[in-house]
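Asker: coordinates for the following, if possible.
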Amino acid sequence: MRAPLNSSPPSSPAPREPGRSSPDGRFGVGDYLRFYLVTMKMAVIAQFQYRASNYFYMVGMIAEPVIYLVVWSSIARTHGGSVGGYTAGGFAAYYIVWTLVRNMNIVFTPYGWEYRIQHGEFSASLLRPVHPIHYDLAYFAGWKVVVIVLWLPLAALLSLAFHPALRPTLLDVAVFAVAIWGAYLIRSVLLWVLGLVTFWTTRVSAVFELYFAAELVLSGRLVPLSLLPPWARGVAAVLPFQWTFGFPIEALVGRLPARQLLFGLAMQALWVAIGGALVALLWRASVRKYSAVGT
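Answerer: Down below sits the predicted model:
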C-alpha cells in the first residue's frame, strides 16, 4: 500500500545564528538543534492552519483499524472468547493504539521523489548546507505534535465504543514513548533508501508496492504478529517491519515482559543505524547519478 502524505515539507529556513557553525562551514550540534526546532515549529504552524483537513484525514484512516477490530473481535468471541491470546478487549486495545502508531509512521513517501526530481526541488536541496534528510525528519516530526493532539479525542471515542483492555505499567508507557519515535525514525530512513531507487530507474512503482505489501503483512499492521503462522513470524523476525508497527503497539498494550521491551528498543536502534548507513552509502552514489529535470 502506498504511504499517504498530507503535504510535503516546504523549503526550510536556514538555522538561526549561522555564525556559530564551525569555521569550515559545517554545522555543529547546536546548529542542528536550532534547525530542527525551527523546522518543527514551522510544521506545527502549517498543519494547524489546515487542522480541519488533517482531522478529516485522520477520521478517514479510522475505517481501516475499525474493520480489523470488528472482524477479529467477532472471531475471538466465536472461539471461546480469545484467539492468539487476544480477547475482544485485547483487540480493541491493539487497534486503538494502532491508530496512533499508524499516524506517527506517516513519513515522506518514496513516490514524492519523482516529483522532487521532475520539478527541480532536489536541485535546490543540494545547495543547502544541511543534508536533505534532515528537512524531512524535522518537518514530519513537527507534524506529529499536531497528530497527537488530534488523535486524543478520537481515541477517547473509540475507547467508549469498544472498551479496550488497556492497563499498561509505567515501564510500558515509558518504552512506548521511546518506541513510537524509534518506529518513526526507522520508517523515515528506510523509505528514504527506497526513494533513492528513483535515481536509477523511472519505473519504481512496482518496487514500492512490493515493499509496502510486505510491510502490511509482516509488520503487525494487518494482524498482530502472534496470529501469523510460524514461518511468517520467522520471516518477520529478520526484517525491520515489526519494529515500526507491532513492537510499539504491543509495548503499550502490555503484552511484553521487560526483557523483550529492552530487546525491542535495541532492535530499533540497530535498524536506525542500518538505515542511516544505507542512506549515507546510497546518497553519494545517487548524487553522482543525478541529472536535473525541471519544469
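Asker: what stretches of the stretch 1-150 of the chain score poorly on pLDDT?
Answerer: Low-confidence segments of the stretch 1-150 of the chain (pLDDT under 70): 1-27.
Asker: not counting sequence-adjacent ones, nearest residue to the most centrally placed residue in the chain?
Answerer: For the chain, the residue nearest the mean C-alpha position is Asn105 (2.0 Å; Cα atoms, centre = their mean). Spatially, and ignoring its direct neighbours in sequence, Asn105 is nearest to Arg187 (5.1 Å; Cβ to Cβ, 6 or more residues apart in numbering). The C-beta positions use only the backbone N, C-alpha and C, and glycine is treated the same way.
Asker: can you tell me how far that neighbour sits from Leu100?
Answerer: For Arg187, the distance to Leu100 equals 14 Å [Cβ to Cβ, to the nearest Å].
Asker: what sits against the nearest residue to Ser226 once chain neighbours are set aside?
Answerer: Spatial nearest neighbour of Ser226, chain neighbours left out: Gly84 (4.7 Å); criterion: Cβ to Cβ, 6+ apart. Residues near Gly84 by Cβ atoms under 8 Å, 6 or more residues apart in numbering: Pro224, Ser226, Leu227.
Asker: burial count for the last one?
Answerer: Which is Leu227. Residues within reach of Leu227, counting by other Cβ atoms under 10 Å, total 16.
Asker: next one: Trp231
Answerer: Counted with other Cβ under 10 Å, Trp231 comes out at 8.
Asker: can you say which helix or strand has it in it?
Answerer: helix 230-237 (DSSP states H and E).
Asker: in terms of secondary structure, what does that helix contact?
Answerer: Counting contacts by 3 or more Cβ pairs under 8 Å, 6 or more residues apart in numbering; DSSP states H and E, helix 230-237 packs against helix 205-218.
Asker: hey, C-alpha coordinates of the helix it packs on in PDB?
Answerer: The C-alpha trace of helix 205-218 is given here as PDB (Å, rounded to 0.1, in the frame of the first residue of the first chain):
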ATOM      1  CA  SER A 205       6.100   1.800  -8.500                       C
ATOM      2  CA  ALA A 206       6.400  -2.000  -8.700                       C
ATOM      3  CA  VAL A 207       9.400  -1.800  -6.200                       C
ATOM      4  CA  PHE A 208       7.500   0.500  -3.900                       C
ATOM      5  CA  GLU A 209       4.300  -1.600  -4.000                       C
ATOM      6  CA  LEU A 210       6.200  -4.800  -3.200                       C
ATOM      7  CA  TYR A 211       7.800  -3.100  -0.200                       C
ATOM      8  CA  PHE A 212       4.500  -1.800   1.200                       C
ATOM      9  CA  ALA A 213       2.800  -5.200   0.600                       C
ATOM     10  CA  ALA A 214       5.500  -6.900   2.700                       C
ATOM     11  CA  GLU A 215       5.200  -4.300   5.300                       C
ATOM     12  CA  LEU A 216       1.400  -4.600   5.500                       C
ATOM     13  CA  VAL A 217       1.600  -8.300   6.200                       C
ATOM     14  CA  LEU A 218       4.800  -8.700   8.300                       C
END
